[in-house]
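Q: this is the structure alone, sequence omitted:
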């Protein structure tokens, strides 16, 4: 009986940990926030922008960084396409190493990017 109680307690803790980790931004949300950050901070001429076309090689590790906030440490690559004046610069997306970690805040039950920190 004692072993069954211990097993149940371990299972409960494991499920609770899984449940809390599931409430973080998805890799797609992180990729789209990265795209938004790139476009908001391009020091390029008017008419240039970037678009994320793939995030299969994006590695994301999100952890709580305050109430209703998570910081997502990124790694790997994103497949990006560049545009200038509305014209796609290369025919295929280019894998680019990620250079920013992102912080999100929970607003109206959605994760909203609030800041980006350049990797050292």
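A: That came through, no problem. Predicted model only: the values in this text are computed from it and were never measured.

Q: where do the strands sit along this protein?
A: 48-54, 58-66, 69-84, 87-88, 94-97, 100-107, 110-118 (DSSP state E).

Q: compare the ones you listed and give me the one nearest residue 24.
A: strand 58-66 (3.8 Å; CB to CB). For every residue, glycine as well, the C-beta is placed using N, CA and C.

Q: rewinding a little: in JSON lines: the strands of the chain, plus mean neighbour count.
A: JSON lines is the format used below for the strands of the chain (neighbours: other CB atoms under 10 Å):
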{"stretch": "strand 48-54", "mean neighbour count": "16"}
{"stretch": "strand 58-66", "mean neighbour count": "15"}
{"stretch": "strand 69-84", "mean neighbour count": "18"}
{"stretch": "strand 87-88", "mean neighbour count": "10"}
{"stretch": "strand 94-97", "mean neighbour count": "13"}
{"stretch": "strand 100-107", "mean neighbour count": "18"}
{"stretch": "strand 110-118", "mean neighbour count": "14"}
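
Q: export those strands to a markdown table and tack on mean pLDDT and distance to residue 32?
A: Shown next, in a markdown table, are those (pLDDT from 0 to 100; distance: least, CB to CB, whole Å):
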| stretch | mean pLDDT | distance to residue 32 |
| --- | --- | --- |
| strand 48-54 | 92 | 7 |
| strand 58-66 | 94 | 11 |
| strand 69-84 | 95 | 10 |
| strand 87-88 | 92 | 19 |
| strand 94-97 | 95 | 15 |
| strand 100-107 | 96 | 10 |
| strand 110-118 | 95 | 9 |
